[in-house]
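> the following block contains a protein sequence and its predicted model.
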Amino acid sequence: MSEVRAPSPALLADMAAKGIDAELSLAILGDYNAGLYDEVRPVQAEGVPPVDGASVVSLLDRGSLRYSAGAREARERLGDLGLSLPASVREVKGGALAEGARVPDGLVFDQAALREIGEALLGRTAYGVLNGGSATSYADSKKNQAFGQGVFEALKSSYDILAPLCEGEPKGLTPAYLESDGSPGASFLLLKMRARLLAARRVAARRAQARGQEAGGSFMPLFQMSSVSNDARLAEAYAAYRDHPFLAALSGELRLDAARWATGVQPMISAYTHSSEGRPRRVFDRAWGRADSALALPGGHGQCFRILAPVLRALRDAGARFAYIGNVDNLGYLPDPLEIAILALSGRGASFDFSLRTPMDVKGGILVATKGGGRTIADIGPAISFDEVRRLEAEGASILFNCAIGLFDLDFLAPRLDEIGRAIPVRFSDQDKDAGRYSQAEQVTWEVASILPDFIAFAVDKYDRFIAAKLLAETLLTSGAASGDPRVPPELAETSRKLEAALEAKLAGPYGLEHRGGKWVAKA
């Protein structure tokens, strides 16, 4: 192992004060300097997998959706879940099925049949969010100039309203949108808790079972990965949210705790020196230009499989069969009965959502085919360069961009959590932010796709499933903050207009709000 200067006592004290796990940070550093991660290379993409109705399933036209499955397997899988075949299921004998696939003695499930199955399983589907650390990259002034100086200037007045509200806060507690009167909107987490209650009410209207208890004593049980830096703040917010007008009345009506979250707490690790300083790397000790000042960072959301392992196993033991895992910053991330049904019928262990990449999709992952016929989700930057993405697009490929939504069968996932936690690659990436120039070590959640034996990729409508905000600038563009401003390029302006319409549809739909007096409020 290469020798490296040990952190000074002052730096170690600063790391402890900032909640950094020094032992874990130094272990990662030692492994890096010993060459353990030298074989972690950027993904070599061979192309983009086609929509085939089996491994890549299109949900873009839901009205004409048909999903095919073998008759014996489908009956067995539904029987295992305590369900029978819906009345609208069509059986064919060795004929051509949806998407041109041939399945002997097959069944064809239309949208109505899939929805019936998915809604029957909704209460047994846990709903999880990845909170990560504080909103450092999200509101960073340098990062928010990613769309160009002109765009940033067009957003500057609105940016100055929301950016201070993000400082030091968990991202999920920051405003998810800007109200039309210029004030901050509801937080990401508050909206997700309200959507879950409204889903319970809709199902309760169809069957009395949803008004009582399902998996783990709670319909669609909530779980999260927090961090040592934000767990206490999140708990404080949840206690206050129980009395919020968006939640209190619904919670009482349904006898369902609005803010009960099963939690796994992620440790923080230190930043490391920038690659320009060469090897061996050291702990970054000049944060914000101050001597012996460390920078606390999460080790990537990919640590969730290790951190959440006890939570996911407990949910499975309590009766949950499926679990969604998604980023807290995506207002399109809600449980989808059609996806749940298709995953249940497929017999696969996981599925992931993808949408066609737009000019705003500059931070995240894409679906690629790899050498040997495999598929993975390659994160732009840490795993695949933006130049490589542009090369694929120049060759005519329709890039499917990861929506940061994963659905897992807990019978498959729970026994494999330790193995998955060890197998996800650790990647180092250079950063240039307000805190300085440093490198960050992280595991990317969605690289789990590369180590799974198989998974379903859902091709979805971005404006339904991926109203995301990797940067505060995206939140502002989606909120219409620069609408009509000539400093916003035409293609970006068109995407922004579509996202603004999508945001309004979500707020008025699954989030159950209405627009009155320049603000979104709970429907009467």
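Perfect, I can see it now.
> for stretch 326-344, give the mean pLDDT please.
Mean per-residue pLDDT for stretch 326-344: 96.
> now do it: distance to the chain's middle.
10 Å (Cα atoms, centre = their mean, to the nearest Å).
> what about that stretch, how long is it end to end?
19 Å (Cα to Cα, to the nearest Å).
> tell me the spacing between the nearest residue to G349 once chain neighbours are set aside and F305.
Nearest residue to G349, sequence neighbours excluded (Cβ to Cβ, 6 or more residues apart in numbering): F412, at 3.2 Å. Backbone N, C-alpha and C define where each C-beta goes, glycine included. According to Cβ to Cβ, to the nearest Å, F412 and F305 sit 13 Å apart.
> where's the nearest residue to V40 once chain neighbours are set aside relative to D418, distance?
Leaving out its chain neighbours, the residue that sits closest to V40 by Cβ to Cβ, 6+ apart is P425, at 4.7 Å. Using Cβ to Cβ, P425 is found at 16 Å from D418.
> same deal with G372?
As judged by Cβ to Cβ, G372 and D418 stand 26 Å apart.
> who has more neighbours out of these two?
Ranked by neighbour count (other Cβ atoms under 10 Å), G372 and D418 place D418 first, with 11 against 6.
> what does L513 show for phi and psi?
phi -110, psi 160 (degrees, to the nearest 10).
> ok, it - contacts?
With Cβ atoms under 8 Å, 6 or more residues apart in numbering as the criterion, the residues that contact L513 are L507, W520, V521, A522, K523.
> please identify which of F412 and F305 sits among more neighbours.
F305 (26 against 16).
> touching, the more buried one and A423? I think so.
No - applying Cβ atoms under 8 Å, one finds F305 not in contact with A423, separated by 9.1 Å.
> what's the following helix or strand after the host helix or strand of E236?
Element membership for E236, per DSSP states H and E: helix 231-241. Going down the chain from helix 231-241, the next helix or strand is helix 248-254, by DSSP H and E.
> so which bits of that next one are buried?
By neighbour count on 16 or more other Cβ atoms under 10 Å, the buried set for helix 248-254 is L250, S251, L254.
> between these, which is closest to A17?
Closest approach to A17 among those (Cβ to Cβ): S251, at 37.7 Å.
> give me the neighbour count for the closest residue to M193 other than its chain neighbours.
Using Cβ to Cβ, 6+ apart and skipping residues adjacent in sequence, the residue nearest M193 is A258, 5.3 Å away. Neighbours of A258 under the rule other Cβ under 10 Å: 22.
> ok, P298 next?
By other Cβ under 10 Å, the burial measure for P298, its neighbour count, is 27.
> do I have it right that it meets M268?
Yes - under the criterion of Cβ under 8 Å, P298 makes contact with M268 at 6.3 Å.
> now the contacts of L513 in CSV, with neighbour count?
Listed next are the contacts of L513 as CSV, based on neighbours: other Cβ atoms under 10 Å:
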residue, neighbour count
L507, 21
W520, 22
V521, 13
A522, 17
K523, 11
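> other SSEs contacting the lowest-mean-pLDDT helix or strand in the chain?
Lowest on mean pLDDT, DSSP states H and E among the helices and strands of the chain sits strand 45-47, with a mean of 75. Under the contact definition 3 or more Cβ pairs under 8 Å, 6 or more residues apart in numbering; DSSP states H and E, strand 45-47 sits against strand 365-370, helix 386-394.
> mind putting the ones you listed in JSON lines, mean pLDDT and distance to S157 included?
Shown next, in JSON lines, are the helices and strands packed on strand 45-47 (pLDDT from 0 to 100; distance: least, Cβ to Cβ, whole Å):
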{"stretch": "strand 365-370", "mean pLDDT": "87", "distance to S157": "33"}
{"stretch": "helix 386-394", "mean pLDDT": "84", "distance to S157": "29"}
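> S479 is nearest to which of those?
Closest to S479 of these is strand 365-370 (Cβ to Cβ; 24.9 Å).
> hmm, who's touching that closest one?
43-49, 56, 352, 354, 357, 375-380, 383-384, 389, 392, 399-402, 444, 446-447, 450, 457.
> just the buried ones from the residues you listed?
Applying 16+ other Cβ under 10 Å to the contacts of strand 365-370 flags 43, 45, 48-49, 56, 352, 354, 357, 375-380, 383-384, 389, 392, 399-402, 444, 446-447, 450, 457 as buried.
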